[in-house]
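In: Have a look; sequence and predicted model below, questions after that.
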Protein chains: 2
Amino acid sequence: MMRPTIKTVAAEAGVSTATVSYVLAGRTKGNGSGISPATAQRVHAAASRLGYRPNQAARTIRTGKSNLMMLSLTMLSDPWSLSVSKAVGAAVAPAGITPMILADTDWRTAIKRQGADVIFIDAAERPGDAELLAELALSNNLVVFSETLEPQGFDVIRSLAGDSMDHAMDHLTASHTKVAALTTSGSLTASGPTRYRAYVAGLERAGIEFRQDYVATFEKDEVSAYQAAVALLQVPDPPTAIFATSDFAAIAAVHAAERLRLAVPDDVVVMGIGNTMAGEVMTPSLTTIGPTDFYAGLADFLVERAQDPTKPHQVLEFPWRLFVRDSAPGAP
Amino acid sequence: MMRPTIKTVAAEAGVSTATVSYVLAGRTKGNGSGISPATAQRVHAAASRLGYRPNQAARTIRTGKSNLMMLSLTMLSDPWSLSVSKAVGAAVAPAGITPMILADTDWRTAIKRQGADVIFIDAAERPGDAELLAELALSNNLVVFSETLEPQGFDVIRSLAGDSMDHAMDHLTASHTKVAALTTSGSLTASGPTRYRAYVAGLERAGIEFRQDYVATFEKDEVSAYQAAVALLQVPDPPTAIFATSDFAAIAAVHAAERLRLAVPDDVVVMGIGNTMAGEVMTPSLTTIGPTDFYAGLADFLVERAQDPTKPHQVLEFPWRLFVRDSAPGAP
DNA sequence: GTGAAAGCGCTAACAC
DNA sequence: GTGTTAGCGCTTTCAC
């Protein structure tokens, strides 16, 4: 009943554990140690006869490598997260790495319990996070997505929004004056250059007066975003353009509009942020700003880091641009 | 630079590694081994001073417990998967277990590489899967979701659809005669009692003639389901009721209808399968059939299994019922 | 009360 | 070509 170990296999094949280890690691020939094909054959036969499976924990303790990539994704249902997951899934396969997602779970506690060759963290905005990450980085290989953090023993992925948010707002204000914002409730009071701030600045640049009833906020879930969008589109003298601060919110806004029998983009145009796959393939396809090749680029970087954790830490920036698609076409 | 071990801590505190282990496991007093509070204090101080973190791999190799739960979810974007993930996330917290999701990845290869205290597999329909699972179950604690598999060293989660699919169809045919099906392309040719078959039988029971153009199929992604639904609603003499074989397809159908300026449920009613949270909270809320308390029940079962893997394997069945909500209300 | 030591399954020098 | 052996970091029995 006991699960067979390398020892059992060695006994069964009549060789030493070292030989089994070598054979199973595929270093039979050409490499440093030469194991005769006959022996290798015997070992393989014994292993499969016994149903031997290597013990990952033992291997990890010895080599220091777990062949695991951990992705902490704060809001799994967000298309952003799903895009990351999909891209990573494709990238890790050839490297023999298993991607594991930590969903909606608090990485702050989970990482202490579970290690991996590389750990990606998609949100670290809470006070004290910077210090905590610096500490965790001493014994973990971290890659953090953040607009504000600086690398401190870990890598930082940053989207180089540059002036693309301004472009997005200008794109909307070029043909619309009733431009609303759909944003998270937290963003109104957050400090620093936020997406919401770009909205306010965009209005100002276009000489459009700010209206409080054109600002709708939601919590971090689809239902909340959807309801906020429905309410937004039903205010007296409703907006004809919506600047949503994520693709996920933008998609909810499109659905809300359609639900209210408003056509997108004819009755109301919608702009997202993130350039997710979900926005790209939906109907109407979503006009959005976001990084180019972000998901694949991130995935490749993570794989590289998992394989070589020694390289100096860096900031990896993905420049943004505006993707004009159907939900908010250009001026006629 | 080296990550501190139990040995480092022992040296720092001036005690032995055994004492450190005891203290850090929280067995200071009352339990078998009595460690003086003073010593415990010293050890804790040393540990935190050094930033000590236990090595999970080493602990796992010794105890055989990883405190890990693995969830293999075939289609992560499906609300079914997201519901499972959410329920599990809530259930594991008090148990000190970390849930890891294997998304869109092939469990067949991944499980051999990575173990966990319990592994949930949401789809095992390929030929040979039954045998493979039986083999993997020798060294893994598996819980498999399947309508057809029997437990062979692993547990089986099954939804006891019973006659609820018939109820669902009867619910639709009670007030509609133009009832269409939205199903996966694979289901048309699959053997056994499928959801599609329930559709055909339901029509027959109601004396409604089967129409080929009322059967729309999609591949396993949202876009495909959405497009299939759009096409379905645009056939000449379009259906006024849609029987979708998953909540995910049903949600796509609702969006498709709204996109075409058809009101749900006034112009077309939609029925899903699965009773997911996404369907429950959407607007209009989704009429669906599915198990009661499934997600929480599954999550609790998984936690239980993770903690006590010795219990005899069983089939856990979740009886289904019809949830009449807004997308397909009852006959007036 | 505390420590010494064995050993979990595996890998990698190094010896033969 | 193949075997011996020393650990990796941790838990736990048993002796002091």
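Out: Nice, I can see it. Residues are numbered from 1 along each chain as shown, chains lettered A, B, ... in the order given.

In: How much space separates A:Ala47 from DNA strand D?
Out: Applying CB to the nearest atom of the strand, to the nearest Å, the value for A:Ala47 to DNA strand D is 14 Å. C-beta coordinates here come from the backbone N, C-alpha and C atoms, glycine included.

In: now what about the helix or strand encompassing that residue, what contacts it?
Out: Here A:Ala47 sits within helix A:37-50, counting by DSSP states H and E. Defining contact as CB atoms under 8 Å, 6 or more residues apart in numbering or on different chains, one finds that helix A:37-50 is touched by A:4, A:8-9, A:12-15, A:19-20, A:23-24, A:28-29, A:52.

In: That one: which residues count as buried?
Out: Judged by neighbour count (16 or more other CB atoms under 10 Å in any protein chain shown), helix A:37-50 contains these buried residues: A:39-40, A:42-44, A:46-47, A:50.

In: Would you mind giving those as CSV with pLDDT and distance to B:Asp293 added?
Out: Formatted as CSV, these follow (pLDDT from 0 to 100; distance: CB to CB, whole Å):
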residue, pLDDT, distance to B:Asp293
A:Thr39, 85, 56
A:Ala40, 84, 53
A:Arg42, 86, 53
A:Val43, 88, 50
A:His44, 87, 47
A:Ala46, 88, 47
A:Ala47, 88, 44
A:Leu50, 86, 42
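
In: how many neighbours does the residue nearest to A:Ile208 when sequence neighbours are not counted have?
Out: Spatial nearest neighbour of A:Ile208, chain neighbours left out: A:Thr177 (5.4 Å); criterion: CB to CB, 6 or more residues apart in numbering or on different chains. A total of 14 residues lie near A:Thr177 under the criterion other CB atoms under 10 Å in any protein chain shown.

In: picking up where we left off before, and which of the buried residues of helix A:37-50 is nearest to A:Asn141?
Out: Lowest distance from A:Asn141 to the buried residues of helix A:37-50 (CB to CB) belongs to A:Ala47, with 31.3 Å.

In: Neighbouring strands of the helix or strand hosting A:Phe120 in the sheet, and parallel or not?
Out: Using DSSP H and E, A:Phe120 maps to strand A:118-121. Strand A:118-121 sits in its sheet next to strand A:68-73 (parallel), strand A:142-145 (parallel), going by DSSP bridges.

In: Now the element after that strand, going C-ward?
Out: Next element after strand A:118-121 (DSSP H and E): helix A:129-136.

In: Which other helices and strands does that next one contact?
Out: Packing partners of helix A:129-136 (3 or more CB pairs under 8 Å, 6 or more residues apart in numbering or on different chains; DSSP states H and E): helix A:107-113, strand A:142-145.

In: 7 Å instead, please
Out: Under the contact definition 3 or more CB pairs under 7 Å, 6 or more residues apart in numbering or on different chains; DSSP states H and E, helix A:129-136 sits against strand A:142-145.

In: residues in contact with the strand it packs on?
Out: Strand A:142-145 has contacts (CB atoms under 7 Å, 6 or more residues apart in numbering or on different chains) with A:118-122, A:124, A:133, A:136, A:154-157, A:302, A:305.

In: Quick check: buried residues in the helix or strand just after that strand?
Out: Toward the C-terminus, strand A:142-145 is succeeded by strand A:155-160 as the next helix or strand (DSSP H and E). In terms of neighbour count (16+ other CB under 10 Å), strand A:155-160 has its buried residues at A:155-159.

In: Just give me the closest of those residues to B:Ile61.
Out: Taking those together and measuring to B:Ile61 by CB to CB, the closest member is A:Asp155, at 29.6 Å.

In: show me where pLDDT drops low in the stretch 1-150 of chain A?
Out: A:1, A:28-34 (pLDDT under 70).

In: Any residues of it in contact with chain B? List them.
Out: Residues of the stretch 1-150 of chain A lying near chain B by CB under 7 Å from any CB of the partner chain: A:3, A:51, A:53, A:56-58, A:60-61, A:67-68, A:76-77, A:82, A:85-86, A:89, A:98-105, A:110, A:112-115, A:135, A:138-139.

In: Next, A:Pro309: secondary structure please.
Out: Classification of A:Pro309 by DSSP: H, G, I helix; E, B strand; the rest coil places it in coil.

In: who touches it in this structure?
Out: Going by CB under 7 Å, 6+ apart, A:Pro309 touches A:117, A:141.

In: any idea how far A:Ala25 is from it?
Out: 21 Å (CB to CB, to the nearest Å).

In: What of A:Arg321?
Out: Using CB to CB, A:Arg321 is found at 46 Å from A:Ala25.

In: These two: who's more crowded?
Out: Comparing A:Arg321 with A:Ala25 by other CB under 10 Å, the one with more neighbours is A:Arg321, at 16 against 12.

In: bridging residues for the more buried one?
Out: In this entry, A:Arg321 is beta-bridged to A:Gly290, by DSSP bridges.

In: My guess is it contacts A:Thr292. True?
Out: Yes: at 6.3 Å, A:Arg321 counts as touching A:Thr292 under the criterion of CB atoms under 7 Å.

In: And A:Lys220, how far from B:Glu209?
Out: A:Lys220 is 48 Å from B:Glu209, by CB to CB.

In: same thing with A:Thr173?
Out: Separation of A:Thr173 from B:Glu209 (CB to CB) stands at 55 Å.

In: out of the residues of the stretch 1-150 of chain A next to chain B, which are buried?
Out: Buried by 16+ other CB under 10 Å: A:53, A:56-57, A:60-61, A:67-68, A:76-77, A:82, A:85-86, A:89, A:98-105, A:110, A:113-115, A:139, out of the residues of the stretch 1-150 of chain A next to chain B.

In: Helices - which of the residues of the stretch 1-150 of chain A next to chain B land there?
Out: In helices, defined here by DSSP state H, the members of the residues of the stretch 1-150 of chain A next to chain B are A:56-58, A:60-61, A:82, A:85-86, A:89, A:110, A:112-113, A:135.
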